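Trainee: sequence and computational prediction follow.
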Amino acid sequence: MTAEELPLPMPRQSDEGDGADDRPIDDPRTLQILSTEHWSLLAGRSLAYNEAFTRTGMFLTFLSASLIVVGFLVASDRFAEAAIPIVVLLLAVNLFVGLATLGRVVAAGLEEFAAVRGMNRIRHAYAEMIPGIERYFVTSIHDDRLGTAISGYVLGRPIRPTSRLSNVLHGQTTVPGMLASIDGILFAALISVIALALGATLGLALGLGIVALLGGFAAITGWMLRTWTQGPIFDEPLFPTPPKP
């Protein structure tokens, strides 16, 4: 058989623009690749989760040590004159550490949810390979905001979007919410101590502290809500949750 008589290779569908990649799950290597990616995402989620708790523990340890120092300063007559400047410095440093910790914990939470979203996509591929297997999953197979929230928070409970107030109240039960409250209290204490150092009365200092607490907490909570609701990790879902009938 001459070269002219050899059959020409058939063109692939992808070369013809016919969408050969529409069903990559038909490839026998797909399951191994998806399993490897699944374990990689699990490891990434675990690292983000552990980092959030480690950073929070470091901050609380530093805050506890600082409060012990403040207690000794207030109870000591020898350092009475230096008590307020040192307290202001310690509160300012703790506030900085607390805000830095909150920023990293929020970022770690976004990284964790990105991993959850990826695992939801992989479960959707499993459901495409074996139709009907999704009824055995306790987590979602959809990669939109709702599907990711179901897998990340409540393990398959049929939640639906709630009010902003409910989101804020639920947020106080989370690690970022706790850090936001502590940072708001530190900011309020710092403002009150500075007011006392400038000669303000106790009542005025307490009033300024309450205003600072409310303002600081509102600012931090607003920033967290914007970060979560406007983050790009939930954009353009491939497998959105179907509307409720």
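Mentor: Thanks, I have the structure now. These numbers were taken from a predicted model, which means no experiment stands behind them.
Trainee: contact partners for the residue nearest the centre of the chain?
Mentor: Nearest to the mean C-alpha position of the chain, by CA atoms, centre = their mean, lies G109 at 2.0 Å. For G109, the contacting residues are 48, 52, 176, by CB atoms under 8 Å, 6 or more residues apart in numbering. C-beta: built from backbone N, CA, C; applies to glycine.
Trainee: kindly report the same for A125.
Mentor: Contacts of A125 by CB under 8 Å, 6+ apart are 25, 30, 34.
Trainee: SS state for it?
Mentor: helix (DSSP: H, G, I helix; E, B strand; the rest coil).
Trainee: equivalent analysis for R78, please.
Mentor: Assignment for R78 (three-state DSSP): coil.
Trainee: what is the neighbour count of it?
Mentor: Per other CB atoms under 10 Å, the neighbour tally for R78 reads 8.
Trainee: need the CA coordinates for the helix or strand harbouring A149. CSV is fine.
Mentor: Secondary structure assignment for A149, by DSSP states H and E: helix 145-149. C-alpha atoms of helix 145-149 as CSV (Å, rounded to 0.1, in the frame of the first residue of the first chain):
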residue,chain,number,x,y,z
ARG,A,145,-23.5,31.0,45.9
LEU,A,146,-26.4,29.0,47.4
GLY,A,147,-24.9,25.6,46.5
THR,A,148,-21.5,26.6,48.0
ALA,A,149,-23.2,27.8,51.2
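Trainee: so what's S140 closest to, chain neighbours aside?
Mentor: Leaving out its chain neighbours, the residue that sits closest to S140 by CB to CB, 6 or more residues apart in numbering is G147, at 3.9 Å.
Trainee: separation between that neighbour and A48?
Mentor: Here G147 is placed at a distance of 19 Å from A48 (CB to CB, to the nearest Å).
Trainee: these two - which one has more neighbours?
Mentor: Taking neighbours as other CB under 10 Å, G147 and A48 compare with G147 leading, 24 against 19.
Trainee: can you pull the contacts of that one?
Mentor: 117, 120, 140-141, 237, 239-241.
Trainee: so can I have JSON lines of those residues showing distance to G98 and secondary structure?
Mentor: Output for those, formatted as JSON lines (distance: CB to CB, whole Å; DSSP: H, G, I helix; E, B strand; the rest coil):
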{"residue": "R117", "distance to G98": "29", "secondary structure": "helix"}
{"residue": "N120", "distance to G98": "33", "secondary structure": "helix"}
{"residue": "S140", "distance to G98": "33", "secondary structure": "coil"}
{"residue": "I141", "distance to G98": "38", "secondary structure": "coil"}
{"residue": "P237", "distance to G98": "34", "secondary structure": "coil"}
{"residue": "F239", "distance to G98": "38", "secondary structure": "coil"}
{"residue": "P240", "distance to G98": "37", "secondary structure": "coil"}
{"residue": "T241", "distance to G98": "36", "secondary structure": "coil"}
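Trainee: tell me the one among these nearest to A200.
Mentor: Checking the contacts of G147 against A200 with CB to CB, the nearest one is R117 at 49.8 Å.
Trainee: my guess is the closest one contacts L238. True?
Mentor: No. With contact defined as CB atoms under 8 Å, R117 and L238 do not form a contacting pair (9.8 Å).
Trainee: between the two, which has more neighbouring residues?
Mentor: Counted by other CB under 10 Å, R117 and L238 do not tie: R117 has more neighbours, with 23 against 11.
Trainee: what residues does that one make contact with?
Mentor: Contacts of R117 by CB under 8 Å, 6+ apart are 143, 147-148, 233-234.
Trainee: all set, thanks.
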